[in-house]
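**Student:** sharing a sequence plus its predicted fold:
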Amino acid sequence: MVLPDRKVSVIENRSLATKPILTGESFKSGKYFDEYETYHSDQYPLRNKMLEINGIFKYKMIDQKIAEIGPKKYYRSNNGFIIQQNSNQNPTTLVNEVKGLTSELSKKNIPVFYSIIPHKSVFFETELPTYLPSYGKESVKKLRDGLESVPSLHLVDVEKELRKQPKEEIYFKTDHHWNTNGAFIGYQKIVSELNKTLPEIGDPISKDTFKFEKKGLAFNGSYARSTTLSFVTESDQMIVPTNDIISPTVKACIDKDNKCDDPVFFPEKLTEVNPYTDRFVYFGLNQALIRYKNSDPISQKKLVILKDSYAKPIIPFLTKHFKEVDVLDTRYFGEDANFKNSSAVKFIEEEKPDAVIFITNTTAVEKNITEYIQ
């Protein structure tokens with residue numbers, strides 16, 4: 001009654017319930033009481049502190065290695081990696097949508113590429129105990145088999161390249177993303193495959209060209225937010241290119257803003273004092289559309305990327321090869337007011353790029369991306 005309501009739980013990475021409005025209908029149906037119970041639970045004083053104490057008891061005192069948060073289960077491996085259990089996903093709708101998109105764009109001689117990037121939970125699935133069944137590899141096989149059946153679609157199998165490296169070096173411990181080591185392997189594989197169709201873009205830039213270093217404050221990622229800090233044995237740190245050979249010639253325009261004066265990197269995110277800061281934003285914002293323009297590119301080609309957050313650390317490197325890169329985020333495009341009457345196909349047909357590529361992790365196969373393509 002006294003404390004102001006909180007809008008967001010940083011620990012759980014979700015919005016909190018707001019006080020419901022009492023109406024005659026909601027009172028009679030019982031809906032009001034259900035909503036008030038949720039509101040009361042979400043806004044309970046010192047709720048986050050209680051979650052932390054609960055976590056400390058379970059994970060520190062009795063060494064429990066599994067955190068059950070709603071329908072999701074997380075496991076903490078012996079070397080400190082937090083791994084999420086995978087559900088069984090059906091890629092049928094996605095495959096059909098990609099098939100339709102590829103068919104339409106093939107008529108206009110626009111090649112379509114799809115990069116298979118394994119989600120961290122898939123790569124670490126063998127670490128899970130036998131009593132915690134997970135279906136990541138099974139789901140990826142169904143996705144790969146389905147995409148291989150799409151005529152004219154160019155598959156970019158990043159997983160094979162990643163498997164050549166120790167998995168501990170290419171994913172964060174407390175977050176669901178890959179780090180820059182993994183993303184750079186993905187960038188090199190993607191450019192190598194694009195080069196076969198568009199030789200003008202050149203070969204992948206050698207990693208030796210960039211000076212990669214761990215930089216900024218330590219942080220605890222999305223899995224740490226879900227399970228609280230008590231589940232963390234070691235925090236993460238960002239790996240970034242410290243010799244900035246990209247930004248001087250590349251500028252970003254947000255949502256068709258022709259000013260193009262937004263930066264490629266956001267270094268201030270590396271030093272924000274918050275244990276749950278999303279330092280992945282260092283590589284750029286999440287927007288429905290971001291257009292990157294390069295004043296000194298390797299080629300005069302234009303690329304459209306359909307992406308989720310796994311693409312963020314790849315995009316700055318790809319901008320070196322193209323005069324323009326349009327990045328559509330599968331999670332926001334269909335919901336953005338500026339694009340309500342559009343679709344991926346309509347946008348691409350209007351922009352007439354030289355190539356289109358999906359850069360998404362292997363768990364992005366359902367609702368957001370399929371509705372977005374339509």
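**Tutor:** Perfect, thanks for sending it.

**Student:** contacting residues around the residue nearest the centre of the chain?
**Tutor:** Of all residues in the chain, the one closest to the mean position by C-alpha atoms, centre = their mean is Ser309, 2.4 Å from it. Residues near Ser309 by C-beta atoms under 8 Å, 6 or more residues apart in numbering: His177, Phe280, Asn286. Yep, even glycine has a C-beta here, placed from its N, CA and C like the rest.

**Student:** just Glu168 next, same as before
**Tutor:** Glu168 neighbours (C-beta under 8 Å, 6+ apart): Asn79, Phe81.

**Student:** what about 7 Å?
**Tutor:** Counting by C-beta atoms under 7 Å, 6 or more residues apart in numbering, Glu168 makes contact with Asn79.

**Student:** look at it and report its pLDDT.
**Tutor:** We have a pLDDT of 93 for Glu168.

**Student:** and if you look at Thr362?
**Tutor:** 91.

**Student:** distance of it from Ser139?
**Tutor:** 7 Å (C-beta to C-beta, to the nearest Å).

**Student:** drop anything exposed from the contacts of Ser309.
**Tutor:** Buried members of the contacts of Ser309, scored by 16 or more other C-beta atoms under 10 Å, are His177, Phe280.

**Student:** make a markdown table out of the contacts of Ser309 and add secondary structure and distance to Pro71.
**Tutor:** Output for the contacts of Ser309, formatted as a markdown table (DSSP: H, G, I helix; E, B strand; the rest coil; distance: C-beta to C-beta, whole Å):
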| residue | secondary structure | distance to Pro71 |
| --- | --- | --- |
| His177 | coil | 21 |
| Phe280 | helix | 24 |
| Asn286 | coil | 24 |
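
**Student:** the helices in the stretch 101-250 of the chain, which residues?
**Tutor:** 120-123, 136-148, 158-162, 180-197, 222-227 (DSSP state H, counting those that start in this stretch).

**Student:** from Asn90, how far out is the spatially closest residue to Leu153 that is not a sequence neighbour?
**Tutor:** The spatially closest residue to Leu153, leaving aside those adjacent along the chain, is Thr102, at 4.9 Å (C-beta to C-beta, 6 or more residues apart in numbering). Distance from Thr102 to Asn90, counting by C-beta to C-beta: 20 Å.

**Student:** out of the two, which sits in the busier spot?
**Tutor:** In this view Thr102 and Asn90 are compared by other C-beta atoms under 10 Å, and Thr102 has more residues nearby, 21 against 13.

**Student:** now do the contacts for that one.
**Tutor:** Counting by C-beta under 7 Å, 6+ apart, Thr102 touches Val112, Val150, Ser152, Leu153.

**Student:** quick one: secondary structure of Tyr332?
**Tutor:** Following DSSP: H, G, I helix; E, B strand; the rest coil, Tyr332 is assigned to coil.

**Student:** please tell me I have it right and it contacts Ile290.
**Tutor:** No. At 10.4 Å, Tyr332 does not count as touching Ile290 under the criterion of C-beta atoms under 7 Å.

**Student:** neighbour count winner among the two?
**Tutor:** Ranked by neighbour count (other C-beta under 10 Å), Tyr332 and Ile290 place Ile290 first, with 24 against 16.
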